[in-house]
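Chemist: What follows is a predicted protein model with its sequence.
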Amino acid sequence: MAELTCQFVRPDRQLFRGPAASLVLVTYAGELGVWPGHAAEIVALGDGVVRITRTAADGGGEYDVVVSGGYAEIENDEVIILADHARLVDDIDEDVVRETRDEAIEHLEEIDEGDHRRAYYESKIRWCNLLLKQVRGSAASAPR
């Protein structure tokens with residue numbers, strides 16, 4: 001059976017490298033499904049979850065990664081994802097993210113309007129909110 005070779009990288013480390021049956025990228029235009037034989041393409045990543053479906057030989061299942069920004073290149077059944085921010089869904093600690101967001105909000109409130117440093121904290125707050133949204137969504141959809 002045909003498969004994709006997938007490499008998922010963020011600035012500080014590689015998150016995933018290996019075969020995949022398919023994946024769904026989150027782009028600014030919406031979700032983009034990628035299967036073996038997909039046409040060559042480069043897409044800008046948006047904010048959301050990239051879903052990588054493992055091959056049957058690797059046990060199947062999904063490998064979910066929250067992303068914010070970056071690019072993905074698809075060519076010859078190979079997908080290279082270079083994400084600005086990325087976190088495995090299973091790696092999100094809600095308490096740590098909430099604390100990080102609260103600290104960023106405090107710093108932001110101390111900085112004058114028009115100060116270029118505000119952009120850093122605003123971006124950090126948006127990222128934390130995206131992670132928290134995913135945690136809440138996962139908890140809501142978990143079986144009881």
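Modeler: Yes, it's here.
Chemist: domains of this protein?
Modeler: Domain assignment for the chain, taken from automatic domain parsing, gives 4-89, 93-141.
Chemist: where among these is the average confidence lowest?
Modeler: The weakest mean pLDDT among the domains of the chain belongs to domain 93-141, with a mean of 90.
Chemist: all strands in the chain, in order from the N-terminus.
Modeler: In the chain, the segments counted as strands under DSSP state E are 4-10, 13-20, 22-27, 30-34, 41-44, 47-53, 62-75, 78-88.
Chemist: Buried deepest among the domains of the chain, which one?
Modeler: domain 4-89 (a mean of 16; mean count of other CB atoms under 10 Å). In short, each C-beta sits where N, CA and C put it, glycine included.
Chemist: gap between the two ends of it?
Modeler: The first and final residues of domain 4-89 sit 21 Å from each other (CA to CA, to the nearest Å).
Chemist: how about residue 40, what does it touch?
Modeler: Residue 40 makes contacts with 74, 75, 76, as judged by CB atoms under 8 Å, 6 or more residues apart in numbering.
Chemist: Make a markdown table from these and add distance to residue 24 to it.
Modeler: Converted to a markdown table, those look like this (distance: CB to CB, whole Å):
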| residue | distance to residue 24 |
| --- | --- |
| 74 | 12 |
| 75 | 18 |
| 76 | 20 |
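Chemist: hmm, back to that, any chance of the strands of the chain in TSV, plus distance to residue 122?
Modeler: What follows is the strands of the chain, written out as TSV (distance: least, CB to CB, whole Å):
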stretch	distance to residue 122
strand 4-10	20
strand 13-20	25
strand 22-27	21
strand 30-34	25
strand 41-44	20
strand 47-53	14
strand 62-75	13
strand 78-88	14
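Chemist: Good, wrapping up.
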